[in-house]
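Q: Everything below, folded, please.
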Amino acid sequence: MAARMKPERRQAPRVEERVWLALRGATTDLRAETKNLSTIGAYCVLDRFLAPMTKLRVEFELPDGARRVRIRGEGAVVRVEPIIDSAERGRYHVGIFFTEMSDENRAAISRFVVRRLAARSSSA
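A: Reported below is the predicted structural model:
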């Protein structure tokens, strides 16, 4: 019997890339490193638990040609998974969905993702 593949649920291309995010909420002010990034969200590693649906202000920088662009927006925690295969305690994989982001910032993220994916496919 052939195994069924799960349908792809992602709505936007993602690139595995490390980018530092500043996350701020009502009682939260921390930094996180992404595992992957797209125009609609980020999957990152945090040193503390954030409950699903926690609202956050998100800020980070990306290279955009010869300059760096500062990305600012708002997001919500949509996924939280404890990291259990590590000797370190209190670390979590967290999915953040970008709920509010300017078209200009989404376009900058899109350029970044497309360039990184193109660079990886040409070196493969």
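Q: Tell me where the model's unsure across this structure.
A: Applying pLDDT under 70 to the chain flags the ranges 1-10, 85-89, 124.
Q: mind checking how far the residue positioned nearest the centre of it is from residue 13?
A: With distances taken as Cα atoms, centre = their mean, residue 42 lies nearest the centre of the chain, 1.3 Å away. Residue 42 is 13 Å from residue 13, where distance means Cβ to Cβ, to the nearest Å. Placement of C-beta: from N, CA and C, glycine included.
Q: What of residue 75?
A: Taking Cβ to Cβ, one finds residue 75 at 18 Å from residue 13.
Q: before we move on, what about residue 108?
A: 15 Å.
Q: Neighbour count: the two, which is higher?
A: Using other Cβ atoms under 10 Å as the criterion, residue 108 and residue 13 rank with residue 108 on top: 21 against 15.
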